[in-house]
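Student: Below: sequence and its predicted model.
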Amino acid sequence: MTLIETKNLWKTYTMGTEKVHALSGVTLQIQKGEYVAIMGPSGSGKSTLMNLIGCLDTPTQGDYILNGKAVNKMNDDELANIRNREIGFVFQTFNLLARATALHNVELPLIYNGSGSLDRVEKAELALKRVELTDRMLHKPSELSGGQRQRVAVARALVNDPSLILADEPTGNLDSKTSVEIMKLFDEIHRQGNTIIVVTHERDIANHAHRVISILDGKIATDEIVTEDQRRKAQ
C-alpha cells in the first residue's frame, strides 16, 4: 500500500530577481513498511524534499499525498495536525528539552494531541522500553550520553505510533561506534513494521536502508535497491 506519493513536486524560492528551483519536478512513491534513505550533497535539494515530506513546508507546485491525504491542499492547522499524528521526527541535534526528564520529553507529542496523563505515561514508558532506555527514563538530557539522547528522540518519534519515522542526519552528532548502535536500532524498528525515511549525505548510513534515492540539482538522480551484501557491510 502506498504511504507517500509525490507528483511533479517543485519548490521555488525567489532571490531578488532570480528564481531558484530547490526541487524540480520530483515524482516518487514509498510504500508502507519501506526503509528508504534520501541521499545527496549540500544544496542538492534533499533537505527541501525532507521538509515537504515532513509537512514542514509546502510545495510551490505539484501534489503530495501522505497516507491518502492531499497535503498540498492543507492549511497551517491541518499541516500541524498531520505532523503530530502521522510523522515521528528524529533530528541530528536531538531537540530535547534540557530541564525535562527523558520520560517527559517522550510524552510531548501526546501532550500536544490532548492525551490524558495516565495514557501519556504508559505510552512514553513503552516507547522508552522499545529503545532500551527504561533505566534512564527519569534522567535529564545532560545526564545522558549522545547515543542515549538520540534513543530518547527515537522513542519520542515512536510514541504516537506514526505512519512514518523521518530521520534527518540522525547520526550527524555521534561518534562512529554510537552511530552503528543507532542504525541498528532503526533496523530493529523497521523489522517491527515501521516505515522509515533517513536523510543523509553518508553512503554507509544510507546502506542500512533497503532503498536509496539520490537527489542532485533538485531532481532524482538514481533510485536503487540496496543489496544484502551492501547492508551487511554497513552494519
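Tutor: Here it is on my side, so go on.
Student: close enough to count as contact, Val131 and Val154?
Tutor: Yes: between Val131 and Val154 there is a contact at 5.2 Å, judged by CB atoms under 8 Å. The way it works is simple: take the backbone N, C-alpha and C, and place the C-beta from them, glycine included.
Student: any common contacting residues for the two?
Tutor: Common contacts of Val131 and Val154 (CB atoms under 8 Å, 6 or more residues apart in numbering): Leu185.
Student: need the longest helix for the protein.
Tutor: As assigned by DSSP state H, the longest helix anywhere in the chain is helix 176-191.
Student: Could you list every helix and strand in contact with that one?
Tutor: helix 146-158, strand 164-168, strand 195-200 (3 or more CB pairs under 8 Å, 6 or more residues apart in numbering; DSSP states H and E).
Student: Among those, which comes closest to Glu181?
Tutor: Among these, helix 146-158 comes nearest to Glu181, with 5.7 Å by CB to CB.
Student: Just the angle for the closest one relative to strand 195-200, thanks.
Tutor: 140 degrees (axes from the mean of the first three to the mean of the last three CA atoms, to 10 degrees).
Student: for helix 146-158, what is the average pLDDT?
Tutor: Average pLDDT, helix 146-158: 96.
Student: pull the CA atoms of whatever helix or strand Gly88 lives in into PDB?
Tutor: In this assignment (DSSP states H and E), Gly88 forms part of strand 87-90. Only the C-alpha atoms of strand 87-90 are listed here, as PDB (Å, rounded to 0.1, in the frame of the first residue of the first chain):
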ATOM      1  CA  ILE A  87       5.000  11.700  11.400                       C
ATOM      2  CA  GLY A  88       7.700  10.900  14.100                       C
ATOM      3  CA  PHE A  89      10.700  13.200  13.700                       C
ATOM      4  CA  VAL A  90      14.300  12.400  14.700                       C
END
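Student: So for it, what gets flagged as buried?
Tutor: Buried positions in strand 87-90, judged by neighbour count with 16 or more other CB atoms under 10 Å: Ile87, Gly88, Phe89, Val90.
Student: cool, and stretch 154-162?
Tutor: Val154, Ala155, Arg156, Ala157, Leu158, Val159, Asn160, Pro162.
Student: measure Leu133 to Ile82 for me?
Tutor: According to CB to CB, to the nearest Å, Leu133 and Ile82 sit 28 Å apart.
Student: Who are the contact partners of Arg203?
Tutor: Met39.
Student: where do the helices sit along this protein?
Tutor: Using DSSP H, the helices found in the chain span residues 46-53, 76-86, 102-112, 117-130, 146-158, 176-191, 203-206, 228-234.
Student: Name the nearest residue to Thr2, sequence neighbours excluded.
Tutor: Excluding the flanking residues, the one nearest Thr2 by CB to CB, 6 or more residues apart in numbering is Gln29, at 5.4 Å.
Student: check contacts around the one you found.
Tutor: Counted by CB under 8 Å, 6+ apart, Gln29 has contacts Thr2, Ile4, Glu5, Thr6.
Student: quick one: which of the residues you listed is nearest Ala102?
Tutor: Among the contacts of Gln29, and counting by CB to CB, the member closest to Ala102 is Ile4, at 30.0 Å.
Student: Report the beta-bridge partners for the closest one.
Tutor: Beta bridges link Ile4 to Ile30, Leu66, judged by DSSP bridges.
Student: So which residue is dead centre in the chain?
Tutor: Most central in the chain under CA atoms, centre = their mean is Leu166, positioned 1.1 Å from the mean C-alpha point.
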